[in-house]
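S.K.: with the input below, show me the fold.
(one chain, ligands or ions: 2)
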Amino acid sequence: MSPAPIALSCGEPSGIGPELAEAAWEILGTDLPFALIGAPGHLPGTVPHVEIGDISEAPQAARDGLPVLPIDMPGPRVPGTPQPAQAAGVVTAIERGVALAMSGAASGLCTLPISKQALIEGADFAYPGHTEFLAALAGVDEVVMMLASDTLRVVPATIHIPVSEVPAALTPELLEKRLRITHTALIERFGIAQPRIAVAGLNPHAGEGGRMGREEIEMIAPVLDRLRAEGMDIAGPLPADTMFHARARARYDAAVCMYHDQALIPIKTLAFDEGVNVTLGLPFIRTSPDHGTAFDIAGKGLANPSSTLAALRLAWRLAGGTA
Ligand SMILES: NC(=O)c1ccc[n+]([C@@H]2O[C@H](COP(=O)([O-])OP(=O)(O)OC[C@H]3O[C@@H](n4cnc5c(N)ncnc54)[C@H](O)[C@@H]3O)[C@@H](O)[C@H]2O)c1
Ligand SMILES: N[C@H](C(=O)O)[C@H](O)COP(=O)(O)O
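M.R.: Ligands and ions are numbered 1, 2, ... in the order given. Alright, predicted model coming up:
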């Protein structure tokens with residue numbers, strides 16, 4: 001039996017999300033059933049859309065157009081300029097997607113990009129990103145952000161915090177939890193029986209034996225030793241600058257890094273068009289394209305849908321779908 005449709009939350013209407021949703025339906029059609037949760041009036045109209053009342057109607061509706069579960073949002077879409085009055089609707093779309101995924105009515109949630117700043121300014125959004133918001137909605141303490149592509153999988157141990165706060169936030173407990181969740185997900189979600197994980201150091205040259213920082217010796221290495229003793233295949237702490245070239249990447253299934261840009265720069269450089277953001281540790285499947293709202297090109301017909309397609313396809317595959 002085919003999995004339930006995927007819920008696709010609209011993200012920031014003034015970004016490229018509406019264009020990506022239409023492009024996704026145009027390419028996927030009825031092969032991969034999904035429904036956009038958003039304001040029908042914000043769609044550019046390059047393809048037809050069909051308003052539905054229940055996500056179970058998506059497979060049938062997709063024969064005639066992009067299935068849309070409507071959300072009320074005041075005012076028109078203004079490409080490139082977030083409208084504060086629409087911020088609450090953006091948050092509602094995510095909440096509705098989570099409810100559908102948690103209930104099983106949707107087999108997963110794919111989120112189109114939000115502008116954190118627009119949501120903070122327009123809706124007092126209390127979270128630095130989807131990842132933390134989804135964890136709160138699901139009642140889960142620990143989740144992991146993974147960006148995945150055929151070329152590379154990366155996990156930032158700390159996520160949306162200022163670089164100045166990274167050293168204090170990096171605790172043995174945090175690193176161990178991130179590693180355990182990553183290890184389990186590589187087995188259970190990605191089908192890798194014996195995952196190989198590479199762990200980056202924090203400092204240049206992974207601390208150069210303590211001369212360029214001691215976090216590797218005092219915090220990272222003891223955690224890795226403990227997990228290795230349990231049988232996990234973990235390399236590191238490795239110098240971050242030399243762990244992403246092709247021969248190095250061949251030695252591991254996922255790289256766990258110490259902070260956001262250490263993890264995301266390599267994957268967005270190597271695989272920006274097909275990278276997928278996956279949240280691990282949630283009680284439902286969540287994926288997202290690896291890019292943001294792209295305000296500079298919104299409304300101009302320039303948005304590349306590849307990452308959104310990859311995100312929908314990964315969600316579908318993780319749900320057991322075969323398209
Ligand atoms: N999943 C998410 O919700 C998510 C992810 C990343 C960034 N963001 C948010 O997006 C906003 C803008 O972030 P940014 O400028 O750093 O990154 P961005 O990814 O929006 O844009 C970076 C550059 O890449 C281009 N680009 C991005 N996606 C593209 C696509 N599909 N096709 C063609 N070109 C594309 C943009 O035009 C821009 O030049 C920020 O508010 C950030 O918080 C959200
Ligand atoms: N850190 C992500 C990135 O740069 O691609 C992005 O902000 C998305 O994060 P959420 O999925 O938590 O919104």
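S.K.: how about the residues of the stretch 1-150 of the chain near ligand 2?
M.R.: By the criterion of Cβ under 6 Å from any ligand atom, the positions of the stretch 1-150 of the chain lying close to ligand 2 are 129-131. Bear in mind the C-beta positions are built from the backbone N, C-alpha and C, glycine included.
S.K.: if you set the cut-off to 8 Å instead, what comes out?
M.R.: By the rule Cβ under 8 Å from any ligand atom, the part of the stretch 1-150 of the chain lying against ligand 2 is 111, 113-114, 116, 128-134, 145, 147.
S.K.: what about the helices in the stretch 101-250 of the chain?
M.R.: For the stretch 101-250 of the chain, helices defined by DSSP state H, counting those that start in this stretch occupy the ranges 116-123, 130-138, 166-169, 172-188, 215, 221-229, 246-249.
S.K.: hmm, back to that, and the residues of the stretch 1-150 of the chain next to ligand 2, which are buried?
M.R.: Among those, those classed as buried by 16 or more other Cβ atoms under 10 Å are 111, 113-114, 116, 129-134, 145, 147.
S.K.: show me what contacts Glu121?
M.R.: Glu121 is in contact with 82, 84, 87, counting by Cβ atoms under 8 Å, 6 or more residues apart in numbering.
S.K.: mind redoing it with 6 Å?
M.R.: Going by Cβ atoms under 6 Å, 6 or more residues apart in numbering, Glu121 touches Pro84.
S.K.: do the same with the one 3 residues further on
M.R.: Counting by Cβ under 6 Å, 6+ apart, Asp124 touches no other residue.
S.K.: so Leu186 sits against Pro195, correct?
M.R.: Yes: counting by Cβ atoms under 6 Å, Pro195 is a contact partner of Leu186 at 3.7 Å.
S.K.: shared neighbours, these two?
M.R.: Common contacts of Leu186 and Pro195 (Cβ under 6 Å, 6+ apart): Asp253.
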